[in-house]
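**Student:** Take this sequence and fold it.
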Amino acid sequence: MSKPLKGFIAYSHADTEAKNKLGTRLAVMEQQNELTTWHDGDLTAGDKASQEDILKHLADSDLLLYLVSAESLASKNCNKELAEALRLDMRVIPIILESCDWLNHQLQDFEVLPDKGVPINEWHPESRGWQNVVDGIREAVAETRARVSNAAKKETLPEWVFQQGNFLMMLGETERAIEAYSHAINLKPEHAGAYNNRGIVYCNIGEVEKALDDFNTAIELNPSYAGAYNNRGIVYNVKGEVNNAINDFNTAITLKPDYADAYNNRGNVGEVEKALDDFNTAIELNPSYAGAYNNRGIVYNVKGEVNNAINDFNTAITLKPDYADAYNNRGNVYSNEGNVDKALKDLNTAIKLDPCFAEAYNSRGSVYHKTGELERAIADFNTAIELNPNYANAYYNRGNLYGKAGDAGKAIEDLSEAIKLNPDFADAYYDRGVAYGKKRQFEPAIADYTKAIEWSPNNAKAYCNRGAAYFCTGEFDLAIEDYTTAIGVNPHDALVYFNRALVWLCLQNGDKAKADLAAAGRIGLDVSALFHSLYKSVADFERIIDAKLPADIKTMLAP
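**Tutor:** All right, here's what the predicted structure looks like:
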């Protein structure tokens, strides 16, 4: 009789009952001399149950039977055994015991049992699921017996090297993963999967152009590779090439209509309503997709549907309790709603889960800014910038804080850095204009307000402030034009009427000045009090403009 193959069972001790059931179900194969199995439960009382000894048994095996559950996915020993099996070019057969996150684990790349990955505990009765597993193992044993020639081994070597790269990527060993994928490509230059996965690693470490080259090659080798289109779309989005990104996500979805990740990614770059449709589809396809709930929550927040946003972030956190992004996003919603305690609790949790999460420090700094805890706010913005020196929003927030604290010089430095990193940052131009104004540097202030208006044409405050700067430089006609535009955008701002009235007085147009002062008063501004906070007296103002005010104006401005 031929020698039986040896199967090593990798399992979590929480799944001991399932391990025992598998052993019982494989009894006929053992009786027929087709397969014997070993697991650490076979160690006798006198055996030394070290991981090294267990791995020796694994090295002497032909198959790894991996019992997949939430417990085994979290087990360091199970994952070490999987890594060793890959190193040994051993066939791996994942057996799905229950619904868990295996599709985001290295095991997603293997053919799993039972059929279509339906967990055993969802078969009715479960015995059907177990028999399906036994049938699959029987087929695998037959295939493994047939695959013994050197030619076959040579053909499978690139695939095993590729799987090693996948596992190294999962462990975060990026350099070794790139080496493994490169080796797989050397062994098999047409290996589209190796190019695709090397591109993922390059993208993760910020080498965007190398990632793009690899995804392009993967698509050239396999024009029907939906995953490569999806990944290339992500890179295009990072590069700001939105149309190219959407085209690639569209192609991925066309090739694979049930591709939840592609819908989720297309939603990230789409218009609000289209994005909502895509996230809804991603969730329909995969109701346990925490990332899609998180992203949909962001869209709901943009739409002002706060309760829906919080519900989605809650669901994302329930599905993935260590989801730092979802805590950060929910914390931002609570902050916007004025619920400081809940906001800080969520942001502290996000930072605890991911101490290198720059966005969470920036968010928490903004909350501290709101509560007046300026030192804590500065410390958080500093940390965010240390973690991500290219974080425009953190520079902006710190600069904004410096400006309100009266340090216009530091405000200008930070806001200039924010603009350098994001040349379209309208709010940064506006706030830098304010800082320049405080330093009485009116020309750069006017230039910044002009930029802010280019990016945000309905920014009434920018028109108002630019009008004030023109007033200070004696360009009264331009000041009148800006104040008039500001009033057109926001006709309920009493201060703009008051400011325009001062310019009319400089132009000696008493009727228009009187009309603007009256309008400011009707809206609720104490015109006289504000005037005397700016000038010592009416006589002082007359001296400055070198003109006498009409009597009725003097009456309106009297203390």
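
**Student:** Would you mind measuring from residue 124 to residue 132?
**Tutor:** Distance, residue 124 to residue 132, using C-beta to C-beta, to the nearest Å: 12 Å. No exception for glycine: its C-beta is placed from N, CA and C like everyone else's.

**Student:** of the two, who's got more company?
**Tutor:** residue 132 (17 against 8; other C-beta atoms under 10 Å).

**Student:** now the helices for the stretch 401-550 of the chain?
**Tutor:** In the stretch 401-550 of the chain, the helices defined using DSSP state H, counting those that start in this stretch lie at 408-421, 426-438, 442-455, 460-472, 476-489, 494-506, 510-523, 527-534, 538-545.

**Student:** Can you say which of those helices is nearest to residue 235?
**Tutor:** Among the helices of the stretch 401-550 of the chain, helix 408-421 comes nearest to residue 235, with 19.8 Å by C-beta to C-beta.

**Student:** how close does residue 360 sit to residue 327?
**Tutor:** 8 Å.

**Student:** Need the residues touching each of these two.
**Tutor:** Between them, residue 360 and residue 327 share these contacting residues under C-beta atoms under 8 Å, 6 or more residues apart in numbering: 347, 350.

**Student:** Excluding chain neighbours, what is closest to the residue sitting nearest the centre point of the chain?
**Tutor:** Centroid check for the chain by C-alpha atoms, centre = their mean gives residue 325 as the closest residue, at 6.7 Å. Leaving aside its chain neighbours, residue 325 sits nearest to residue 294 (5.9 Å; criterion: C-beta to C-beta, 6 or more residues apart in numbering).

**Student:** Tell me how many other residues crowd that neighbour.
**Tutor:** 25.

**Student:** Name all residues that make contact with the closest residue to residue 446 other than its chain neighbours.
**Tutor:** Of all residues beyond its chain neighbours, the one nearest residue 446 is residue 469 (4.8 Å), with distances taken as C-beta to C-beta, 6+ apart. The contact partners of residue 469, by C-beta under 8 Å, 6+ apart, come to 433, 437, 442, 445-446, 449.

**Student:** what about residue 469, distance to residue 442?
**Tutor:** Following C-beta to C-beta, the distance that separates residue 469 from residue 442 is 5 Å.

**Student:** and what of residue 267?
**Tutor:** From residue 267 to residue 442 the distance is 45 Å (C-beta to C-beta).

**Student:** With neighbour numbers in mind, choose between those two.
**Tutor:** residue 267 (25 against 19).

**Student:** And the more buried one, which helix or strand is it part of?
**Tutor:** helix 260-269 (DSSP states H and E).

**Student:** Check which helices and strands that helix sits against.
**Tutor:** helix 226-238, helix 242-255, helix 272-285, helix 290-302 (3 or more C-beta pairs under 8 Å, 6 or more residues apart in numbering; DSSP states H and E).

**Student:** switch the cut-off to 6 Å
**Tutor:** Contacts defined by 3 or more C-beta pairs under 6 Å, 6 or more residues apart in numbering; DSSP states H and E place helix 260-269 against helix 226-238, helix 242-255, helix 272-285.

**Student:** Output the lowest mean pLDDT helix or strand found in the chain.
**Tutor:** Each helix and strand of the chain was given a mean pLDDT (mean pLDDT, DSSP states H and E); the minimum falls on helix 150-170 at a mean of 73.

**Student:** and after that helix, which helix or strand comes next?
**Tutor:** helix 174-187.

**Student:** got the buried residues for that following helix?
**Tutor:** 176-181, 183-185, 187 (16 or more other C-beta atoms under 10 Å).

**Student:** Check stretch 541-558 too.
**Tutor:** 541, 549, 553, 556-557.

**Student:** Tell me where the model's unsure across the stretch 1-150 of the chain.
**Tutor:** In the predicted model of the stretch 1-150 of the chain, residues 1-2, 42-51, 147-150 satisfy pLDDT under 70.

**Student:** If we use 80, what do you get?
**Tutor:** 1-2, 41-53, 145-150 (pLDDT under 80).

**Student:** In a markdown table: the contacts of residue 469, plus distance to residue 395 and pLDDT.
**Tutor:** Shown next, in a markdown table, are the contacts of residue 469 (distance: C-beta to C-beta, whole Å; pLDDT from 0 to 100):
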| residue | distance to residue 395 | pLDDT |
| --- | --- | --- |
| 433 | 16 | 95 |
| 437 | 20 | 94 |
| 442 | 24 | 95 |
| 445 | 19 | 96 |
| 446 | 23 | 96 |
| 449 | 20 | 95 |
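
**Student:** residues touching residue 202, list them.
**Tutor:** Taking C-beta atoms under 6 Å, 6 or more residues apart in numbering, we find residue 202 in contact with 210-211.

**Student:** and it, how far is that from residue 182?
**Tutor:** In terms of C-beta to C-beta, residue 202 sits 11 Å off from residue 182.

**Student:** distance of the closest residue to residue 60 other than its chain neighbours from residue 157?
**Tutor:** Closest residue in space to residue 60, ignoring its immediate chain neighbours: residue 6 at 6.4 Å, by C-beta to C-beta, 6+ apart. Residue 6 sits at a distance of 21 Å from residue 157 (criterion: C-beta to C-beta).

**Student:** hmm, back to that, same for the strand or helix carrying the residue nearest to the centre of the chain, what does it pack against?
**Tutor:** Using DSSP H and E, residue 325 sits within helix 324-336. When contacts are defined as 3+ C-beta pairs under 6 Å, 6+ apart, helix 324-336 packs onto helix 290-302, helix 306-319, helix 340-353, helix 358-370.

**Student:** can you pull the buried residues of the very next helix or strand once past the last one?
**Tutor:** It stands for helix 358-370. Using DSSP H and E, the helix or strand that follows helix 358-370 in sequence is helix 374-387. Across helix 374-387, burial judged by 16+ other C-beta under 10 Å covers 377-378, 380-381, 383-385, 387.

**Student:** which strands and helices sit next to helix 374-387?
**Tutor:** helix 358-370, helix 392-404.

**Student:** Generate a markdown table for the buried residues of stretch 541-558, with distance to residue 275 and pLDDT as supplementary columns.
**Tutor:** As requested, those are exported to a markdown table (distance: C-beta to C-beta, whole Å; pLDDT from 0 to 100):
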| residue | distance to residue 275 | pLDDT |
| --- | --- | --- |
| 541 | 54 | 91 |
| 549 | 57 | 91 |
| 553 | 55 | 92 |
| 556 | 53 | 91 |
| 557 | 54 | 89 |
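
**Student:** Identify the farthest-apart pair in those residues.
**Tutor:** Every pair of the buried residues of stretch 541-558 checked by C-beta to C-beta; the farthest is 541 and 556, at 12.6 Å.
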